[in-house]
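**Q** need a 3D model of the following:
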Amino acid sequence: MISKIFNLTVVILLLVTFQIYAGNNPTNDDIKNINTTRIKGVSPYGKKEGKPKVFIEGIWLDFDYMRRHLPYIDFVNDPAVADIHIIINNRISGSGGQVYSIRYNNNTFENFTEYTLSCTTASSDTYEERRGKIVNTITLGLMPFANETEVAGNLSIRYRGEQNEIKPIVTDDPWHNWTFRGTFNGDIYMEESRKNFNYSYNLRADKVTEDWRIRNFGQMSVRTREYEDDGEIYRSENTSSNISSSVVNSLSSRWSAGAFFGYSNSNYSNLVYSISAKPAVEYNIFPWDISDRKVFTIAYYIGPEWKRYYEETIYGKFQESLWEQTLRLDLQIVQTWGEIEAGLDASNYLHDFSKNRITFDSDLSVRIVRGFSVNFNFRVENIHDQIYLAKGDVSLEDILLNKVQLPSTFEVRAGVGVRLQFGSIYNNIVNNRL
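**A** Numbering: from 1, shown residues only. Now for the predicted structure:
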């Protein structure tokens, strides 16, 4: 048996070797057409040979669409072999749309530095409109590089509008930068002995300008579970609602200050209501105009909270007033070698510093070497502030149906992934056949 496998392996290797040799062996016509005086990588006209090799990463993108609409570049699978490394990030605009930041990192072209273009889409744009605008912006940014290659002779720029079609910008906004949004989601899952019903809705009213950011948000959700066993029905219904409002002023290129107001209700957490009002201040180590590449903020919140409970708590309270303070650090770095996101949150009640919570969360994606990258996410919480827990024993039914919050001094979540790729560096083909 082993000898048969060995013989089969030898035959396969011989066939592969023959195919590689046959595919790379030049014909007589190929030999006649070789220009022996040409400098490798440079055409006789001073242009770089071939198409620009481009590696694109960042947000979720439709690469099939890009391959069809960007035929003048070679898509490669590894940034180490790319002429241009493009990184795309996105942020939500004040009107609910997206602002895409497209950064061009030059690897091989002389006298080029990195630069960034932006692309804005509206919240009402369809998927087709969004991907079309992104690809058009990518195209405009690639033109200086394409001009230095042989493909420049086959490119042209065409203006599709009329000569006087673009009108002066109208600055009169009857909504004064306010935007309003609402969503509703629901789902149902049913089996013979099990049923799940979930629905939620939320409303938003935001105003965003260069100096002010005003956000208002309201949300309610209901999760219902039913189980049947021997004719007996077990039912669990978790309801929660949240309302938040904030006003933040941009004091300088790094400093911000604001006020935050909140209301929450949850039968899962034994809260009839929790109301808070907290002023806050924030400092960004880096200027906000480069927030698409790196952010390191330090924020401090302090203010009162008023709580009322459905059941008596483990500390013998049905309602109470407290003061809480929070320190929050956030770091985000986006570079050609990967992306890092990390946050540290520490809070405590002022009447008793032992009632505190420390949370650390991180998301790391790093390219170690060519073709090999790892991603890692980790979140850990040190919990000592569950003052809302109901007094008394928790039944097994409540635990299994997930009706109530259980006591815990910690929470840990972690994940790791590895990506390995080798072989051909080119990836220009679109083939969606079965």
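
**Q** three-state assignment of M66?
**A** Under DSSP: H, G, I helix; E, B strand; the rest coil, M66 falls in the helix class.

**Q** can you name the helix or strand that the nearest residue to it once chain neighbours are set aside falls in?
**A** Residue nearest to M66 in three dimensions, not counting chain neighbours: V135, with 5.8 Å by CB to CB, 6 or more residues apart in numbering. For every residue, glycine as well, the C-beta is placed using N, CA and C. In the assignment (DSSP states H and E), V135 maps to helix 127-146.

**Q** list the strands paired with the helix or strand following that helix, with their directions.
**A** Note on helix 127-146: by DSSP H and E, the next helix or strand toward the C-terminus is strand 178-190. Using DSSP bridges, strand 178-190 pairs in its sheet with strand 194-208 (antiparallel).

**Q** starting at the chain centroid, how far to the partner strand?
**A** Chain-centre distance of strand 194-208: 20 Å, with CA atoms, centre = their mean, to the nearest Å.

**Q** which parts of it are buried?
**A** K195, S200, N202, D206, K207, V208 (16 or more other CB atoms under 10 Å).

**Q** got the CA positions of it in PDB?
**A** Listed next in PDB are the C-alpha coordinates belonging to strand 194-208 (Å, rounded to 0.1, in the frame of the first residue of the first chain):
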ATOM      1  CA  ARG A 194     -39.200  25.800  21.500                       C
ATOM      2  CA  LYS A 195     -40.000  29.400  20.300                       C
ATOM      3  CA  ASN A 196     -38.000  32.600  20.200                       C
ATOM      4  CA  PHE A 197     -39.400  36.000  19.500                       C
ATOM      5  CA  ASN A 198     -37.300  39.100  19.300                       C
ATOM      6  CA  TYR A 199     -37.900  42.700  18.300                       C
ATOM      7  CA  SER A 200     -36.300  46.100  18.800                       C
ATOM      8  CA  TYR A 201     -36.600  49.600  17.500                       C
ATOM      9  CA  ASN A 202     -34.500  52.700  17.900                       C
ATOM     10  CA  LEU A 203     -34.600  56.400  17.000                       C
ATOM     11  CA  ARG A 204     -31.800  58.900  16.500                       C
ATOM     12  CA  ALA A 205     -31.600  62.700  16.200                       C
ATOM     13  CA  ASP A 206     -28.100  64.000  15.600                       C
ATOM     14  CA  LYS A 207     -26.400  67.300  14.700                       C
ATOM     15  CA  VAL A 208     -22.800  67.400  13.700                       C
END
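
**Q** what does the helix holding V135 contact?
**A** Here helix 127-146 makes contact (CB atoms under 8 Å, 6 or more residues apart in numbering) with 52, 54, 56, 61-62, 65-66, 69-70, 72-73, 83-84, 86, 88, 98, 100, 102, 104, 106, 109, 112, 115, 117-121, 125, 152, 155, 157.

**Q** that helix: which residues count as buried?
**A** Neighbour counts using 16+ other CB under 10 Å place R130, R131, K133, I134, V135, T137, I138, T139, G141, L142, F145, A146 of helix 127-146 among the buried residues.

**Q** go on, stretch 63-81?
**A** Those would be Y65, M66, L70, Y72, I73, D74, F75, V76, N77, D78, P79, V81, for stretch 63-81 by 16+ other CB under 10 Å.

**Q** take those and keep only those in helices.
**A** Judged by DSSP state H, the buried residues of stretch 63-81 include Y65, M66 as members of helices.

**Q** need the buried residues of stretch 63-81 in a markdown table with pLDDT and distance to Y268, can you?
**A** Below are these laid out as a markdown table (pLDDT from 0 to 100; distance: CB to CB, whole Å):
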| residue | pLDDT | distance to Y268 |
| --- | --- | --- |
| Y65 | 83 | 43 |
| M66 | 87 | 44 |
| L70 | 90 | 49 |
| Y72 | 90 | 56 |
| I73 | 90 | 52 |
| D74 | 88 | 54 |
| F75 | 87 | 48 |
| V76 | 86 | 49 |
| N77 | 80 | 46 |
| D78 | 82 | 47 |
| P79 | 85 | 45 |
| V81 | 86 | 52 |
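
**Q** could you list which of the buried residues of stretch 63-81 belong to strands?
**A** Taking DSSP state E as the definition of strands, the buried residues of stretch 63-81 contribute D74, F75.

**Q** mind checking pLDDT for the closest residue to L344 other than its chain neighbours?
**A** Nearest non-adjacent residue to L344, counting by CB to CB, 6+ apart: L329, 4.5 Å away. Here, the pLDDT recorded for L329 equals 96.

**Q** please apply the same query to C119.
**A** Predicted confidence (pLDDT) for C119: 89.

**Q** next: M1.
**A** pLDDT, read off for M1, is 50.

**Q** what comes up buried for stretch 325-335?
**A** Buried residues in stretch 325-335, defined by neighbour count with 16+ other CB under 10 Å: Q325, T326, R328, D330, Q332, I333, V334.

**Q** greatest separation within the residues you listed: which pair is it?
**A** Farthest pair in these (CB to CB) is Q325 and V334. Separation: 30.9 Å.

**Q** on that earlier part again, pick the one among the buried residues of helix 127-146 closest to G218.
**A** Once CB to CB is applied, the member of the buried residues of helix 127-146 that ends up nearest G218 is R130, at 27.2 Å.

**Q** now do the contacts for W323.
**A** W323 neighbours (CB under 8 Å, 6+ apart): I302, G303, P304, E305, Y349, L350, H351.

**Q** so what sits opposite it in the bridge?
**A** The partner residues for W323, given DSSP bridges, come to P304.

**Q** distance check, it against W212.
**A** In this view, W323 and W212 are 27 Å apart by CB to CB, to the nearest Å.

**Q** again, but for V418
**A** 44 Å.

**Q** one more: K307?
**A** 30 Å.

**Q** neighbour count winner among these two?
**A** Applying other CB atoms under 10 Å to K307 and W212 shows that K307 carries more neighbours, namely 21 against 14.

**Q** excluding chain neighbours, what is closest to that one?
**A** Counting by CB to CB, 6+ apart, K307 lies nearest to S274, which is 4.9 Å off, once chain neighbours are set aside.

**Q** same question for T113.
**A** Closest residue to T113 apart from its sequence neighbours, by CB to CB, 6+ apart: N106 at 6.7 Å.
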